[in-house]
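[1] got a structure for you, letters missing:
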């Protein structure tokens, strides 16, 4: 299959491109810089120059492909606090990709987050069947992708939790580490009992491939291995890794000490992947989040400094 990927040179993309190539697919990756294009060609993929806001380029590349995987997101806007702008950009890209694939029955695999479930599911783990009755950040994008099944697209959504591995240079874990270095302590909110689900990058990449190859139209999938790791436990692992104490902060203090993560820091988001494992025979095999936080790679200075680039 000839697969067009947005975000192909990013964190998950850097695992997904080799995963697809190893399994006999061809890859065209969207590249917004010479560095990204060079990386893709070195892996054996074809670079398509452009960015997420180049809607004509997205439509053309999707129309020329046998399937599309949408990973890209304007994280720069999210980090700057402009979630609305990031969500608007994502929706525009999905409309362009969906229009190009309408009526073809080709696969479109897009990306969401398990965190959206925390807003309307409480007292139990979230499941693939949980769908918000209202709209909003990420929810509108999910609903758009699922609705494409009625327009002749084999569409599916992969909800990502915290994704970790040596390939993770700009995610939530490196950001928590960076804030801990700046603050001189690893922070958690309240008693830190709120839980974050997680998955290894390589396991997530394999799920995207399986979704591309065989997910039924309109599927919602969970790339979840750890169903919920307490934030305090994560903070304690970070404290050990960079040799700083661990400290509780209040919700009001979170913006000062956790920056753009303040809105997520107290989120309780236990999540299961039971339906996904049954539907696609996907079974995570890679290390857990705490396994990775017990290794040195997350705490090397070069790794941490990469988050500011």
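    That came in fine, so what should we check first? Just so it is clear, the model here is predicted, and its values are computed rather than measured.
[2] now do the SS call for residue 198.
    strand (DSSP: H, G, I helix; E, B strand; the rest coil).
[3] swap that for residue 10, please
    Assignment for residue 10 (three-state DSSP): coil.
[4] for the most centrally placed residue in the chain, give its distance to residue 31.
    Nearest to the geometric centre of the chain sits residue 160, at 4.7 Å (Cα atoms, centre = their mean). For residue 160, the distance to residue 31 equals 22 Å [Cβ to Cβ, to the nearest Å]. For glycine as for every other residue, the C-beta is placed from the backbone atoms N, C-alpha and C.
[5] quick one: contacts for residue 237?
    Applying Cβ atoms under 8 Å, 6 or more residues apart in numbering to residue 237 gives the contacts 290, 293-294.
[6] top of those by number of neighbours, please.
    residue 293 (24 neighbours; other Cβ atoms under 10 Å).
[7] distance check, the residue lying closest to that residue once chain neighbours are set aside against residue 289.
    In space, and not counting its chain neighbours, residue 293 is closest to residue 237: 3.9 Å by Cβ to Cβ, 6 or more residues apart in numbering. Applying Cβ to Cβ, the value for residue 237 to residue 289 is 8 Å.
[8] kindly report the same for residue 235.
    In terms of Cβ to Cβ, residue 235 sits 12 Å off from residue 289.
[9] do the same with residue 121
    Relative to residue 289, and taking Cβ to Cβ, residue 121 is found at 21 Å.
[10] now swap in residue 251 and tell me
    Distance from residue 251 to residue 289, by Cβ to Cβ: 23 Å.
[11] more crowded one of these two?
    residue 289 (24 against 12).
[12] please name the residues that touch that one.
    162, 164, 173, 198, 226, 229, 234.
[13] and if you look at residue 49?
    Counted by Cβ under 8 Å, 6+ apart, residue 49 has contacts 31-32, 37, 57.
[14] what does residue 188 give?
    231-232, 234-235, 246-249, 265.
[15] next one: phi and psi at it?
    Note on residue 188: its backbone torsions stand at phi -140, psi 160 [degrees, to the nearest 10].
[16] mind listing the residues bridging to it?
    Note on residue 188: beta-bridge partners by DSSP bridges are residue 248.
[17] how about residue 221?
    Here residue 221, judged by DSSP bridges, has bridge partners residue 158.
[18] that one against residue 155, yeah?
    No: look at residue 221 against residue 155 with Cβ atoms under 8 Å: they stay out of range, at 11.4 Å.
[19] compare the two (neighbour count), which wins?
    Neighbour count, other Cβ under 10 Å: between residue 221 and residue 155, residue 155 has more, with 29 against 25.
[20] and what about that one, helix, strand or coil?
    From three-state DSSP, the assignment for residue 155 is strand.
[21] which residue is the nearest non-sequential neighbour of it?
    residue 148 (4.2 Å).
[22] cool, residue 56 as well?
    Per Cβ to Cβ, 6+ apart, closest to residue 56 is residue 96, 7.9 Å.
[23] cheers, nothing more for now.
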